[in-house]
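Peer 1: coords below, sequence missing:
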């Protein structure tokens with residue numbers, strides 16, 4: 001168990017880091033928050049390490065911001081999509097709440113174990129699963145999962161192996177799914193994007209270019225971008241935004257805490273295109289290495305595409321971060337029709353800080369705004385066509401959201 005003296009150091013570092021770096025988009029009163037920290041300080045010194053960690057997380061929840069976490073370097077993922085590549089929703093079934101599989105990412109541990117959308121999770125390693133507590137899948141371990149399909153009313157067993165996580169500079173743990181897959185439906189290309197990988201998205205951009213070339217070579221002149229369950233990620237979303245419009249236009253802008261507090265003029269922010277090469281990336285990094293990193297991000301001006309004017313984005317309650325930024329851009333520019341449910345409302349940019357004894361603090365350090373000045377943090381992006389999935393239909397292989405998108409484009 002962590003000694004009280006070490007816990008005190010960690011609490012002090014967490015407090016100091018928040019007061020110095022936290023991007024306060026919800027206008028939390030730091031004096032009031034600091035008072036709560038001091039009131040809880042003694043309580044955090046007793047109990048086991050789990051109680052200490054949960055206590056610090058509860059304090060951080062008072063900041064009312066996304067992308068905020070406190071964890072050890074060897075922690076487990078807190079959400080199933082980060083460990084097994086499947087999002088869940090609580091649904092009523094036979095008088096009780098059950099977890100239903102909403103999205104399954106290609107190449108993920110869930111997909112490899114044969115887990116399907118619409119299945120209900122009944123037990124995990126012989127323990128009954130009940131919302132609202134999410135099942136915990138441990139990195140580097142094998143799990144026995146019992147599922148049931150509402151359309152069949154019979155139990156199935158699946159063996160699910162979660163690979164060991166990759167350490168990435170203190171970032172919260174994540175098993176990265178396959179970032180992009182393409183399906184062709186007549187003249188409609190369907191891009192499924194659960195994640196925008198890479199710190200600057202250059203490799204993803206190259207993969208997207210090849211995929212788009214393939215799509216056009218097969219005569220596709222309509223496009224569906226499936227962002228349901230999208231975990232977010234990096235600047236790769238800007239390359240996809242660039243494919244949705246012909247010209248070089250603003251996608252949105254990020255603000256540092258200092259710029260937010262001191263005031264700013266959007267028209268005076270530096271305008272930057274996402275780098276398309278390593279040389280361009282190095283040039284951009286050098287440009288902003290000694291200055292405030294607030295900027296307006298622009299599309300790349302890729303020219304007219306055959307699917308322009310015939311694009312649909314699919315979104316749901318697990319569409320996160322960079323996925324939401326893309327959805328907000330598409331909606332405000334009318335570059336696509338959005339079908340599904342309101343997005344997760346998590347659009348802040350975070351950084352991981354060491355706070356001692358193997359612990360990390362993940363805290364937002366900048367905010368993201370659309371060109372019009374709106375921020376999806378706390379509100380999400382609303383679809384143009386509000387349409388939910390139907391659990392029994394999903395279990396039977398019917399995807400009403402995708403079907404609506406296809407019907408719209410046809």
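Peer 2: The structure has been received and is ready for your questions. Note that this is a predicted model, so its numbers are computed, not measured.
Peer 1: What is the burial count for the residue nearest to residue 21 when sequence neighbours are not counted?
Peer 2: What sits nearest to residue 21 in space, not counting adjacent residues and going by CB to CB, 6 or more residues apart in numbering, is residue 365, at 5.1 Å. (Each C-beta comes from the backbone N, C-alpha and C, glycine too.) Other residues within reach of residue 365, judged by other CB atoms under 10 Å, total 19.
Peer 1: same question, residue 408
Peer 2: Residue 408: 15 neighbours (other CB under 10 Å).
Peer 1: isn't it right up against residue 339?
Peer 2: Yes: in this structure residue 408 lies within contact range of residue 339 using CB atoms under 8 Å: 7.4 Å.
Peer 1: Tell me the residues that contact both of the two, please.
Peer 2: Here residue 408 and residue 339 have 312, 385 as joint contacts, going by CB atoms under 8 Å, 6 or more residues apart in numbering.
Peer 1: Let me know the secondary structure of the residue nearest to residue 21.
Peer 2: For residue 365, the assignment made with DSSP: H, G, I helix; E, B strand; the rest coil gives strand.
Peer 1: and it, what is it in contact with?
Peer 2: By CB under 8 Å, 6+ apart, the residues touching residue 365 are 21-23, 256-257, 349-351.
Peer 1: which residues in this structure form helices?
Peer 2: Using DSSP state H, the helices of the chain run over 4-21, 30-40, 49-61, 80-83, 109-112, 202-217, 236-243, 257-262, 278-288, 321-333, 391-395, 400-409.
Peer 1: Dump those into CSV; add distance to residue 137 as well.
Peer 2: Formatted as CSV, these follow (distance: least, CB to CB, whole Å):
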stretch, distance to residue 137
helix 4-21, 27
helix 30-40, 30
helix 49-61, 18
helix 80-83, 4
helix 109-112, 8
helix 202-217, 25
helix 236-243, 26
helix 257-262, 35
helix 278-288, 34
helix 321-333, 21
helix 391-395, 21
helix 400-409, 26
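Peer 1: Give the buried subset of the contacts of residue 365 as a ChimeraX selection command.
Peer 2: This is the ChimeraX syntax for the buried subset of those, where burial follows 16 or more other CB atoms under 10 Å:
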select :21,22,23,256,257,349,350,351
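Peer 1: mind listing which of the contacts of residue 365 are in strands?
Peer 2: 256, 349-351 (DSSP state E).
Peer 1: re the thing from before, which stretch in the helices of the chain has the least confidence?
Peer 2: Among the helices of the chain, helix 278-288 carries the lowest mean pLDDT, at a mean of 56.
Peer 1: Surely residue 294 is in contact with residue 269?
Peer 2: Yes: if you go by CB under 8 Å, residue 294 and residue 269 touch, sitting 5.8 Å apart.
Peer 1: Which one's more surrounded, the two?
Peer 2: residue 294 (21 against 18).
Peer 1: Distance of the more buried one relative to residue 250?
Peer 2: 14 Å (CB to CB, to the nearest Å).
Peer 1: Low-confidence stretches in the protein?
Peer 2: Where the chain drops to pLDDT under 70, the residues are 166-170, 276-291.
Peer 1: hang on, the earlier thing: any shared contact partners between residue 294 and residue 269?
Peer 2: Contacts common to residue 294 and residue 269, judged by CB under 8 Å, 6+ apart, are residue 253.
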